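Peer 1: Output the structure for:
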Amino acid sequence: MSKKIIELKAKQTADCIEKIKKAKSFLVFEYFGLDVKKMTKMRTKMHEKKASIAIIKNNILNRALHEVKVENIPEMVGPNAIMFCNDDEIIGFKVVYDAMKNNKAVKYKFGYLENKIITNEQLPTIAAIPNRDGLYSMVLSCLLAPIKKLLYGLKAIKK
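Peer 2: Alright, predicted model coming up:
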């Protein structure tokens, strides 16, 4: 291999390491069955949520994951993409899970959330979690429920 190619691969590995370190979560999936239109739609959806999708060669991705000490990852073969979630940790899992339901060729490999590997069996559970705004509204409704009941009770007494 020429020195130029080695330097290029080292730069790509360093870029991948930087993206992994910045991301709150990331996941790897096989995109082989997605056409350009579906992949563009997925990228647009992710861009709106401050996340990104990158197509990175398996050996470069393996080196980067080894460098940041992500252990027990499954073997990566075939055309894989990695999704970096920088703002909402869960959005990537939702998007890939929806893509898997709509297109059988998309295969989830693994994800990484809160320093833990997310397996294929855990994916539906993680994808079912509401987004951050949904969780905030659920907490607020729980906090406001006793006050609402008190107000309705006082209003009933008045009548």
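
Peer 1: secondary structure element for the spatially most central residue of the chain?
Peer 2: Using Cα atoms, centre = their mean, the residue of the chain that lies closest to the mean C-alpha position is Gly92, 2.7 Å off. Secondary structure assignment for Gly92, by DSSP states H and E: helix 91-102.

Peer 1: Show me which positions of that helix end up buried.
Peer 2: Ile91, Gly92, Phe93, Lys94, Val95, Val96, Tyr97, Ala99, Met100 (16 or more other Cβ atoms under 10 Å). C-beta coordinates here come from the backbone N, C-alpha and C atoms, glycine included.

Peer 1: What are the boundaries of the strands in the chain?
Peer 2: 25-30, 51-55, 80-85, 107-113, 116-118 (DSSP state E).

Peer 1: Indicate which one of those strands is closest to Glu18.
Peer 2: Glu18 lies closest to strand 80-85 among those, at 10.2 Å (Cβ to Cβ).

Peer 1: Give the other helices and strands that that closest one contacts.
Peer 2: helix 3-22, strand 25-30, strand 51-55, helix 58-67, helix 91-102 (3 or more Cβ pairs under 8 Å, 6 or more residues apart in numbering; DSSP states H and E).

Peer 1: So for the third one, mean pLDDT?
Peer 2: Mean pLDDT, computed over strand 51-55, is 87.

Peer 1: please renumber so the chain begins at 35
Peer 2: I'll keep to 35 as the first residue from here, and by that count the last item is strand 85-89.

Peer 1: quick check: angle from it to strand 59-64?
Peer 2: Orientation check (axes from the mean of the first three to the mean of the last three Cα atoms, to 10 degrees): strand 85-89 against strand 59-64 gives 40 degrees.

Peer 1: Could you do the first one as well?
Peer 2: Angle between the axes of helix 37-56 and strand 59-64 is 130 degrees (criterion: the same axes, to 10 degrees).

Peer 1: Can I get helix 37-56 in PDB, CA atoms only?
Peer 2: Extracted in PDB, the C-alpha atoms of helix 37-56 (Å, rounded to 0.1, in the frame of the first residue of the first chain):
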ATOM      1  CA  LYS A  37       2.000   6.000   1.800                       C
ATOM      2  CA  LYS A  38      -0.800   8.300   0.400                       C
ATOM      3  CA  ILE A  39      -3.400   5.600   0.900                       C
ATOM      4  CA  ILE A  40      -2.200   4.800   4.400                       C
ATOM      5  CA  GLU A  41      -2.400   8.500   5.300                       C
ATOM      6  CA  LEU A  42      -5.900   8.700   3.900                       C
ATOM      7  CA  LYS A  43      -7.100   5.700   5.900                       C
ATOM      8  CA  ALA A  44      -5.500   7.100   9.000                       C
ATOM      9  CA  LYS A  45      -7.400  10.400   8.500                       C
ATOM     10  CA  GLN A  46     -10.700   8.600   7.800                       C
ATOM     11  CA  THR A  47     -10.200   6.500  11.000                       C
ATOM     12  CA  ALA A  48      -9.400   9.700  13.000                       C
ATOM     13  CA  ASP A  49     -12.600  11.400  11.600                       C
ATOM     14  CA  CYS A  50     -14.700   8.300  12.500                       C
ATOM     15  CA  ILE A  51     -13.200   8.300  16.100                       C
ATOM     16  CA  GLU A  52     -14.100  12.000  16.500                       C
ATOM     17  CA  LYS A  53     -17.700  11.400  15.300                       C
ATOM     18  CA  ILE A  54     -18.100   8.500  17.700                       C
ATOM     19  CA  LYS A  55     -16.800  10.500  20.600                       C
ATOM     20  CA  LYS A  56     -19.100  13.400  19.900                       C
END
